[in-house]
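**Q** Test case, fold it:
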Amino acid sequence: MPDQPKDDRGKPCSIAGLSPRQIGWRALGLPSVTPDPVTSQEQRQTTGPEIAIALVGGVIGWVIWSVGIAPLIGSTLWIFGDVLAQATFAVVVSMVFWYSFLGWIRRARFDRIADIYLGADRCASCGYTLAGLTPDPDSRVVCPECSAAWDRTRLGDQSET
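**A** Presented below is the predicted three-dimensional model:
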């Protein structure tokens, strides 16, 4: 299990949440068609593990259908219908696996994801905009929304405020 994400002061924080729309775009699995540039960049960092988890889920779904469901329903479906039903079940299980493990994957890649959010002047913990905020004396910008602190040098807009 990945460690709890931490801000630049070493305090535990969350990972910026994805909206239902962003999750929907990610479910397509193609970063190039995701309209939000931050989500698209993040998706590029997590695509490999996401695909692996989805494939494992699909295989498990296929096996569950073959071993548990097909014997119960018998061969009432003609061959194409049975394969189509089995494939549909495998895709549904695959998506459930993907969605269930997405948080774990994002936690494991938090440092990379934080760099993407911070590079876009957004808090890596909550997604709130950090543009224009004055750094504390220790050169950290504190998010007014969630109180996570981030080094000023990690933010995309390096102009002094």
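
**Q** In this protein, what helix or strand scores lowest on average pLDDT?
**A** None of the helices or strands of the chain scores lower by mean pLDDT, DSSP states H and E than helix 70-73, at a mean of 78.

**Q** Could I get the buried residue list for it?
**A** Across helix 70-73, burial judged by 16 or more other C-beta atoms under 10 Å covers residue 70. Any C-beta I mention is one placed from the backbone N, CA and C, and that applies to glycine too.

**Q** Give me the pLDDT value at residue 1.
**A** Here the pLDDT value assigned to residue 1 is 62.

**Q** do the same with residue 76
**A** Reported pLDDT for residue 76: 59.

**Q** Then residue 159?
**A** Per-residue confidence (pLDDT) for residue 159: 44.

**Q** low-confidence ranges in this structure?
**A** For the chain, the stretches with pLDDT under 70 are 1, 74-81, 157-161.

**Q** Helices of that one, start to end?
**A** Using DSSP state H, the helices of the chain run over 20-27, 37-64, 70-73, 79-108, 110-119.

**Q** Give me the helices and strands touching the last one, please.
**A** Secondary-structure packing of helix 110-119 (3 or more C-beta pairs under 8 Å, 6 or more residues apart in numbering; DSSP states H and E): helix 37-64.

**Q** What angle do helix 20-27 and the helix it packs on make with each other?
**A** Helix 37-64 and helix 20-27 are oriented at 60 degrees to each other (axes from the mean of the first three to the mean of the last three C-alpha atoms, to 10 degrees).

**Q** Give me the neighbour count for residue 2.
**A** By other C-beta atoms under 10 Å, 12 other residues sit near residue 2.

**Q** With the one 5 residues further on instead?
**A** One way to gauge burial is a neighbour count; for residue 7, by other C-beta under 10 Å, it gives 21.
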